[in-house]
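**Q** Let's see this in three dimensions:
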Amino acid sequence: MQKSNLFILFVFLVFSLNIFAQQGNDFEGIIKIMKIYKTDTAYLTFQIKGNKVRIDEFNQVHKKEKSAIVDVNIPEILLLKPDKKIYSKITAYLLRKDLDTNTQIIKTGNYKYILGKKCFQWRLKVPNLNTEITYWVAFEKYISFNKILSLMDSDIAGKYFLSIDGHENVFPMLVVERSMLREWKSQIEVLEIQKTSINNHIFEIPDDYTFFQK
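**A** Numbering: from 1, shown residues only. Reported below is the predicted structural model:
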């Protein structure tokens, strides 16, 4: 799947995890992550305040390529292209993938520390897709979008994660996708979690942007 499609799917998951969450959000701040492909690297920054999330994607030389603004009380996502100074609107919907009968979920009990947080290993094997995904999860919550990081690994990783029992209570700090023969495919990792005040203006469309209807 192309990165542009992954970004859109990723944003949909931000919305779906928030809109169906049962808990409120008391985290305000920034989360930075890195997505490593075989031939490329991307960086994402999440700025979170209340029900609002802004996602900025940067390429491997840290040039901003696209942004998204989500208000979980509104079933609509704003997508921004800074190079062209245009924005568009798309409707949000819930992403989920039902588990195949031969899919294995193994909560191993193994753990390691990532950014000072104790993270436990969850392994998901999908033989039909020649895929094994390892999630290193911390039992913490940052907004209701705890699981969005998994979709950065692939659309498969994110959709399946929503079907794992207990996913509502954890936050993936590291997600690694491999083939069933252990060939590395991609991974995503959290680089930084910072509690800080977020200015409301970042959730607004700049005056010099033009609306683009897809």
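**Q** following the strand or helix carrying Leu44, which helix or strand shows up next?
**A** Assigned by DSSP states H and E, Leu44 belongs to strand 41-49. Once the chain leaves strand 41-49, the next helix or strand it forms, by DSSP H and E, is strand 52-58.
**Q** pLDDT averaged over that next one - what is it?
**A** On average, the pLDDT along strand 52-58 is 89.
**Q** do stretch 63-77 as well
**A** pLDDT averaged over stretch 63-77 gives 83.
**Q** Can you give me the buried ones in the strand holding Leu44?
**A** Ala42, Tyr43, Leu44, Thr45, Phe46, Gln47, Ile48, Lys49 (16 or more other CB atoms under 10 Å). Where you see a C-beta, it was placed from the backbone N, CA and C, and this is true even at glycine.
**Q** Could you pull up the mean pLDDT of stretch 115-128?
**A** 92.
**Q** Stretch 170-189 now?
**A** 88.
**Q** And stretch 140-156, by the same measure?
**A** Here the average pLDDT along stretch 140-156 is 48.
**Q** what's the answer for stretch 87-94, then?
**A** The model assigns stretch 87-94 a mean pLDDT of 77.
**Q** The strand holding Leu44: partners in the sheet, and parallel or antiparallel?
**A** In the sheet, strand 41-49 lines up against strand 29-36 (antiparallel), strand 52-58 (antiparallel) (DSSP bridges).
**Q** Dump that strand to CSV, restricted to CA.
**A** Output of strand 41-49 as CSV, limited to C-alpha atoms (Å, rounded to 0.1, in the frame of the first residue of the first chain):
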residue,chain,number,x,y,z
THR,A,41,11.3,6.5,6.2
ALA,A,42,8.4,8.8,7.4
TYR,A,43,7.9,10.8,10.5
LEU,A,44,4.6,11.8,12.1
THR,A,45,3.8,14.4,14.8
PHE,A,46,0.5,14.3,16.7
GLN,A,47,-0.6,17.4,18.5
ILE,A,48,-3.5,16.6,20.9
LYS,A,49,-5.8,18.8,22.8
